[in-house]
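J.: build me a structure from this.
(chains A and B)
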Amino acid sequence: MSEPILEVKNLKKYFKTNSGIVHAVDDCTFSIQKGKTLGVVGESGCGKSTTGRCILRLIEPTSGSIRFMGEEITTMNRKQMLGVRKNMQIIFQDPYYSLNPRNTVYQSIAAPILQNKLIPGAKKIQIEERVLELMETVGLAERFINSYPHELDGGRRQRIGIARALAMEPQFIVCDEPVSALDVSIQAQILNLLQELQETRNLTYMFITHDLSVVNYFSDDIVVMYLGQIVEQAPAEKLFDKPLHPYTKALLSAELEPVVGANTKRIQLKGELSSPLDPPDECRFAKRCQYHCAECNCGTPPLIEVEPDHFVACHLVK
Amino acid sequence: MFGKKKKMNTQDQVVLSEQHDSDYVLEVSDLVVHYELENETVEAVNGISLRLKKGETIGLVGETGAGKSSTALAILNMVPDPPGVIKQGTILVNGHDMLHLKREELEKVRGKDISIIFQDPMTSLNPVMTVGDQIAESVMLHEPVNKAEAMERAKEMLELVGIPGERAGEYPHQFSGGMKQRVVIAIALSCNPKCLLADEPTTALDVTIQAQVLDMMNDLKNRLGTSLVMITHDLGVIAAICDTVAVMYAGKIVEYGTLEDIFNHTMHPYTEGLFNSLPRINQKGSKLIPIPGLMPDPTKLPVGCAFEPRCKYATAACREKPVENRQVSDTHTVLCCAYEDPDFMLDRRRKVTDE
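T.: Take a look at the predicted model:
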């Protein structure tokens, strides 16, 4: 088995607010093997994007350890961190907001190259060559080099975002809902592109999404999050064949298949995500769970390995 | 005196058109909507015909820019003008000719006969009015009730969509996304419209909440007999809720038929492309087949088939002449000239037949 490229242990991120402490990410532990994809699924507000951002230290984690390529990065200073970030990049959800509207495609893609002095003493021509090379890699035609983001559609904008991330030749990319703002036909183009890049460059992805069919298509392992905690973790096939946590089951059954008559049996979840403000020490899903019983209110269920590689946090699954 | 007389006339007309007798709650024929800008014209909707019976649900599917929302706005005669112009077509809602009603008559029909749910519940509610007042407002506009009765009705409507009535005094920011969408649905349903347009009602919601909202809409539809136009880009939503489906591309309906026709007897290459680009939960590993390229620029639509540049079955004939609608069965039509060859079959169909 290969060395994990990323190991996250007991990661916590709390936000202090006037009405209490928001437990956005609460004690998450997972690791990603090199060249693999970890899918992170959950509803909005479950802390999946916060986890992704904590790993890059775009927001500072409250506590916990993050080891990237064997090095602890939570204690690094700003300068060391800049070095590490060349190897870890992020693709943001909304290509409409993550690009500077006043910069052309060329300026947007050249920015990380210039900023990090990736080509020492580079002349303009070399940078232009590199930008064109990146544009070709992500499938952007050369004629768009002087276009502004508003002149391009969502799929092309997302390609700029991917080119910017690739400019650093990273080993690891956090993809934060990279396709959810796109139309299905374009979504498939971007998913195929990400997959090709992974195959040719041996990239490692952390793929954050709320779309279960996308995550299954794309991931080797899957982590299901609920209110800041990991409730189930397993290889993709296992999770989809035999989901164990009641929340995972409900999520899978809520997914609508584009097949006539396929969507009849649905587990109805009552209510909505409860508040992440100072949550009590109990199963956070208990209020919406159809199997809810007295035991659920006795402490937070630990994440235990019920089968090899299959982890579940539920008092009722043992 | 003059004003009073005018009002009388208006009422007479409304009564007259109500006598219109038809099985169809909504009839759209040959609708064309353009946005005429200073130096170009966006051809958003180019000749659409739809019919909807009582209690039926029709799904309009298509990508961004296919003209789905423009169609919905046109049905309510709400296309922003300028720059929007309804160039031609007729729209009958419960017998009312939407395009020739006077403003005050239109206001009576909207909300009472037909209403709309917009995509984003975060922006379609008034943030400085309580949700109860917002529902009561539309009840008072259409029915002869006083404030207290309207408020009572508002509470009933909230209960109907699964929100406790006592929350009527709260403001939109005190509700979560799914709850806000329920409030929007409660407003739309408050006067028991015969027909409801839902423009991507669940796109902004999480899957579990989406499931709740869809189940609720299905339930309401069955209980109240409302006809529903469901606008979405999500084929899963269509499969879950619709009876008939219209697939839209570049302002035209390229395939129209029952749910069964569209999903199990797919005829149009674009519909096939949509199915192929969807990752499926139980088909891991198979590579997605995206539709290459992009939707054509709606200011420069080609003479021939608009899908031709992206279509793998395209021939020279597709480019040259306008495509004509082809009736495949009683319920199923397709806009594709490949079927002039009687042996033509999509790969998706061929696979099914081979198996």
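
J.: quick one, what contacts the residue of the stretch 201-350 of chain B found nearest chain A?
T.: Ranked by CB to the nearest CB, the top residue of the stretch 201-350 of chain B for proximity to chain A is B:Gly236, at 2.9 Å. Glycine gets a C-beta too; all of them are placed from N, C-alpha and C. For B:Gly236, the contacting residues are A:Glu255, A:Leu256, A:Glu257, A:Pro258, A:Asn263, by CB atoms under 8 Å, 6 or more residues apart in numbering or on different chains.

J.: show me what from the stretch 251-355 of chain B comes close to chain A.
T.: By CB under 8 Å from any CB of the partner chain, the residues of the stretch 251-355 of chain B that approach chain A are B:259-260, B:263-264, B:273-282, B:284, B:287-292, B:294.

J.: now, of the residues you listed, which are buried?
T.: By neighbour count, with 16 or more other CB atoms under 10 Å in any protein chain shown, these hold B:259, B:263, B:273-281, B:288-291, B:294 as buried.

J.: need the residues that contact the helix or strand containing B:Val245.
T.: In the assignment (DSSP states H and E), B:Val245 maps to strand B:244-249. Contacts to strand B:244-249, defined as CB under 8 Å, 6+ apart, come from residues B:48, B:50, B:56-63, B:66-68, B:71, B:238, B:253-259, B:261-263, B:268, B:270-271, B:274, B:295, B:306-307, B:331.

J.: just these: which are in helices?
T.: If you go by DSSP state H, the contacts of strand B:244-249 have B:Lys68, B:Thr71, B:Ile238, B:Leu259, B:Asp261, B:Ile262, B:Phe263, B:Tyr270, B:Thr271, B:Leu274 in helices.

J.: so for the host helix or strand of A:Val214, mean pLDDT?
T.: According to DSSP H and E, A:Val214 maps onto helix A:212-218. The average pLDDT within helix A:212-218 is 84.

J.: ok, then the element right after that helix?
T.: Sequence order places strand A:221-226 as the next helix or strand after helix A:212-218, per DSSP H and E.

J.: contacts for that following strand, please.
T.: Counting by CB under 8 Å, 6+ apart, residues outside strand A:221-226 touching it are A:28, A:30, A:32, A:36-43, A:46-48, A:51, A:215-216, A:230-236, A:239, A:245, A:247-248, A:251, A:273, A:284-285.

J.: these also near chain B: which ones?
T.: With CB under 8 Å from any CB as the criterion, these include A:Glu43, A:Asn216, A:Ala236, A:Leu251, A:Leu273 near chain B.

J.: now, those that are in helices?
T.: A:Asn216, A:Ala236, A:Leu251.

J.: most surrounded residue in those residues?
T.: Neighbour counts for these peak at A:Leu251, which has 26 neighbours (criterion: other CB atoms under 10 Å in any protein chain shown).

J.: give me the pLDDT for that residue.
T.: Per-residue pLDDT puts A:Leu251 at 88.

J.: is it in contact with B:Thr208, as I believe?
T.: Yes. The pair A:Leu251 / B:Thr208 is scored as a contact, 6.6 Å apart, by CB atoms under 8 Å.

J.: helix or strand with the lowest mean pLDDT in chain A?
T.: None of the helices or strands of chain A scores lower by mean pLDDT, DSSP states H and E than helix A:212-218, at a mean of 84.

J.: could I get the CA-only coordinates of the helix holding A:Val214 as CSV?
T.: The C-alpha trace of helix A:212-218 is given here as CSV (Å, rounded to 0.1, in the frame of the first residue of the first chain):
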residue,chain,number,x,y,z
LEU,A,212,-24.0,11.5,-5.0
SER,A,213,-24.0,10.2,-8.5
VAL,A,214,-21.0,12.5,-9.4
VAL,A,215,-19.1,11.3,-6.3
ASN,A,216,-19.7,7.7,-7.0
TYR,A,217,-18.6,8.1,-10.6
PHE,A,218,-15.4,9.9,-9.5
